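Participant: Sequence and predicted structure below; questions after.
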Amino acid sequence: MYLNKVFLYGNLTRDPELKALPSGQNLVSFGLATNRTYKDKNGAKQEATEFHNIVAFGRTAEVIAQYCKKGRPIFVEGRIQTRSWEGKEDGKKQYRTEIVVDNFQFGDGGKGGSSASASSAAHEEPSSAKGSEDIKYPDEEINPEDIPF
């Protein structure tokens, strides 16, 4: 059995860009930054940032384009895909690795507000627009070293 599954939680590095494909289906693309904190061999705390190219299609694309902006956190579930094409100027083969979104959830945004989720088949407005109860987040930071696994 083979598996191509990705889970990312990070901040948008740019506003989502909504386009229509020749077939009429909507496509949104945006960048996502994720951070990793670790200790180097000297015991000093280090942080590394990774940047990811994200794409979504259909209704998911529309919802992301409508509600997400640069800097906002988002949880993305999807698969890795690499596209290739011939360069216009030099004819060299170009490559781009992307995460294709299957499902996503809006992040908290650091405001302690509500969270909403959507999937490729979702046709609802985010739950925050429906007046659902706010999720209560702890006041203190969670240290990854305190997690027992």
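Facilitator: Received it, and whenever you're ready, just let me know what you need.

Participant: need the helices for this protein, in chain order.
Facilitator: According to DSSP state H, the chain carries its helices in the segments 58-67.

Participant: Nearest residue to the middle of it?
Facilitator: Taking CA atoms, centre = their mean, the centroid of the chain lies closest to residue 76, which sits 4.2 Å from it.

Participant: so who does it touch?
Facilitator: Applying CB atoms under 8 Å, 6 or more residues apart in numbering, we find residue 76 in contact with 6, 7, 8, 9, 32, 54, 99, 101, 103, 104. Using the backbone N, CA and C atoms, a C-beta is placed for each residue, glycine as well.

Participant: Go again with 10 Å.
Facilitator: 6-10, 30, 32, 34, 52, 54, 56, 64, 99-105 (CB atoms under 10 Å, 6 or more residues apart in numbering).

Participant: do residue 102 as well
Facilitator: By CB under 10 Å, 6+ apart, residue 102 lies in contact with 5, 6, 56, 60, 76, 77, 78, 79, 119, 120.

Participant: In strands only, show me the contacts of residue 76.
Facilitator: Counting by DSSP state E, the contacts of residue 76 place 6-10, 30, 32, 34, 52, 54, 56, 99-105 in strands.

Participant: so residue 63 makes contact with residue 57?
Facilitator: No: counting by CB atoms under 10 Å, residue 63 does not reach residue 57; the two are 11.5 Å apart.

Participant: Can you work out which residues contact both of these two?
Facilitator: Joint contacts of residue 63 and residue 57 (CB under 10 Å, 6+ apart) are residue 28.

Participant: Looking at these two, which is more packed in?
Facilitator: For residue 63 versus residue 57, neighbours defined as other CB atoms under 10 Å are more numerous around residue 63 (24 against 15).

Participant: Quick check, pLDDT for the more buried one.
Facilitator: According to the prediction, residue 63 has pLDDT 95.

Participant: Over to residue 80?
Facilitator: Residue 80 is assigned 97 on the pLDDT scale.

Participant: dump the residue contacts of it.
Facilitator: 4, 5, 6, 52, 97, 98, 99, 100.

Participant: Thanks a lot, see you next time.
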